[in-house]
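[1] Could you look at this predicted model? Sequence included:
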Amino acid sequence: MTTTVEIEAVLRVEDLAKRYGAKPVLAGCTFELYAGQVTALVGANGAGKTTLLTVLSGLLAPDGGTVVACGRVALVAQDRPLYDHLSARDMLRMARHLNLVWDEDRATRWLRRFHVPPNRLCGRLSTGQRTQVALAVALGRVPDVLLLDEPLANLDPLVRNEVMAELLTEAAETEMALLMSTHVVAELGGVADNLLVLTHGTITLAGQIDDLLANHRFYVGPRSASPPTGTVVRETHSEQQSTFLVTLETEPDETPDDAENEWVVRPATVKDIVVAHLANAREVAWHDRAHA
Ligand SMILES: Nc1ncnc2c1ncn2[C@@H]1O[C@H](COP(=O)(O)OP(=O)(O)OP(=O)(O)O)[C@@H](O)[C@H]1O
């Protein structure tokens with residue numbers, strides 16, 4: 001007998017829409033975030049990631065749809081807004097006064113862990129150190145949902161790994177759901193549980209990363225119009241050869257090569273899947289522009 005473990009959704013987003021003036025930026029966004037899980041939000045520049053995170057944080061009102069959060073939501077914004085004339089320690093002190101729920105230990109531990117000088121003015125901290133102060137303030141608020149807008153962008157590769165490892169521990173230990181926008185797709189393996197791809201303001205791919213890896217395959221074979229199976233996500237052709245990235249209904253057999261049909265089957269990475277979706281989205285945009 002198999003037992004299905006129900007994972008609790010701590011944030012539910014349904015049919016979310018946002019416009020800036022007359023310009024629609026988000027439309028029909030529907031997804032959930034789960035306790036203790038990390039979800040990566042990926043999309044082209046201008047796709048609407050920052051807007052989506054800002055709406056989820058409550059700082060920006062949506063024009064349609066609903067966001068239901070079970071608990072506190074904290075956002076670390078892209079520009080890490082801090083008061084430059086306050087020290088890191090004063091930033092925490094101010095956050096303690098502004099928040100009904102505040103975990104001083106958790107916040108100061110983070111600053112210590114990443115060697116941020118507590119008495120230096122925020123205006124004199126490096127960009128990476130400012131990120132650490134913003135993360136300390138967000139974690140000190142004991143969020144049930146932590147939203148991070150490109151949290152790793154200004155960190156060196158070593159610190160990036162350390163920050164991600166610490167955030168994963170925090171998420172697991174406190175059942176905190178984490179949603180982070182990122183362009184560093186190659187680093188998502190072993191980090192994110194779920195993936196959301198945002199294309200021109202709409203979620204075009206959502207799922208558990210393990211499932212996405214299991215049901216995407218490359219089929220490489222002699223030049224042809226279609227692959228032997230699956231739904232085509234993206235195709236490229238040379239004179240002799242065709243390559244299809246497909247989604248499969250069921251997992252393929254263990255045997256990777258389909259010798260009979262001369263097709264070579266190989267697995268796709270998260271980066272392959274994301275890049276294919278982004279490339280498709282860009283082509284659709286070019287096509288729409290050309291025919292406008
Ligand atoms: N305050 C604003 N007023 C009007 N338009 C805006 C505003 N903020 C963002 N936009 C526009 O909305 C769209 C989505 O922007 P957003 O910053 O959410 O995208 P993004 O996916 O976070 O981009 P990036 O990856 O470059 O950070 C863009 O076309 C942007 O120019």
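    Cool, got the structure.

[2] helix/strand/coil for the residue in the stretch 51-200 of the chain positioned nearest to the ligand?
    Closest to the ligand within the stretch 51-200 of the chain is residue 51: 3.4 Å, counting by CB to the nearest ligand atom. Using the backbone N, CA and C atoms, a C-beta is placed for each residue, glycine as well. Secondary structure for residue 51, judged by DSSP: H, G, I helix; E, B strand; the rest coil, is helix.

[3] Just to check, it is in contact with residue 60?
    Yes. Residue 51 is within contact range of residue 60, at 7.0 Å (criterion: CB atoms under 8 Å).

[4] So for these two, which residues contact both of them?
    With contacts taken as CB atoms under 8 Å, 6 or more residues apart in numbering, the residues that reach both residue 51 and residue 60 are residue 18.

[5] Can you show me the CA trace of stretch 175-187 as PDB?
    C-alpha atoms of stretch 175-187 as PDB (Å, rounded to 0.1, in the frame of the first residue of the first chain):
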ATOM      1  CA  GLU A 175       8.600  25.000   7.300                       C
ATOM      2  CA  MET A 176       9.100  28.300   5.500                       C
ATOM      3  CA  ALA A 177       8.100  28.400   1.800                       C
ATOM      4  CA  LEU A 178      10.700  30.100  -0.400                       C
ATOM      5  CA  LEU A 179      10.000  31.700  -3.800                       C
ATOM      6  CA  MET A 180      13.100  33.100  -5.500                       C
ATOM      7  CA  SER A 181      13.400  34.700  -8.900                       C
ATOM      8  CA  THR A 182      16.700  33.900 -10.600                       C
ATOM      9  CA  HIS A 183      18.400  33.900 -13.900                       C
ATOM     10  CA  VAL A 184      21.100  31.400 -12.700                       C
ATOM     11  CA  VAL A 185      19.200  28.400 -13.900                       C
ATOM     12  CA  ALA A 186      22.200  26.100 -13.900                       C
ATOM     13  CA  GLU A 187      22.400  26.400 -10.100                       C
END
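
[6] Can you tell me the closest non-neighbouring residue to the residue of the stretch 51-200 of the chain closest to the ligand?
    The spatial neighbour of residue 51 that comes closest, neighbours along the chain excluded (CB to CB, 6 or more residues apart in numbering), is residue 25 at 5.0 Å.

[7] roughly how far apart are the one you found and residue 145?
    21 Å (CB to CB, to the nearest Å).

[8] hmm, back to that, and the residue of the stretch 51-200 of the chain closest to the ligand, how many neighbours?
    19 (other CB atoms under 10 Å).

[9] With residue 169 instead?
    Residue 169 has 10 nearby residues by other CB under 10 Å.

[10] give me phi/psi at it?
    phi -60, psi -50 (degrees, to the nearest 10).

[11] Which residues outside stretch 197-214 are in contact with it?
    Among residues not part of stretch 197-214, those counted as contacts by CB under 8 Å, 6+ apart are 18, 24-31, 41-44, 47-49, 51-52, 188-189, 192-196, 251, 267-270, 273-274, 277-278, 281, 285.

[12] Report the distance from it to the chain centre.
    10 Å (CA atoms, centre = their mean, to the nearest Å).

[13] which parts of that stretch are buried?
    By 16 or more other CB atoms under 10 Å, the buried positions in stretch 197-214 come out as 197-203, 205-206, 208-209, 212-213.

[14] ok, it near the ligand or not?
    No. If you take CB under 6 Å from any ligand atom as the test, stretch 197-214 misses the ligand, and the best it gets is 6.8 Å.

[15] tell me how far the ends of that stretch are from each other?
    In stretch 197-214, first residue to last residue: 17 Å (CA to CA, to the nearest Å).

[16] out of the contacts of stretch 197-214, which are inside strands?
    Judged by DSSP state E, the subset of the contacts of stretch 197-214 located in strands is 18, 24-31, 41-43, 194-196, 267.

[17] The ligand next: which of those residues are close?
    Near the ligand, judged by CB under 6 Å from any ligand atom, the entries from the ones in strands among the contacts of stretch 197-214 are 25, 43.

[18] Pull the number of nearby residues for residue 10.
    Using other CB under 10 Å, residue 10 has 22 other residues around it.

[19] follow-up on the earlier one: right, and the pair among the buried residues of stretch 197-214 with maximum separation?
    Farthest apart among the buried residues of stretch 197-214 by CB to CB are 201 and 213. That separation is 26.1 Å.
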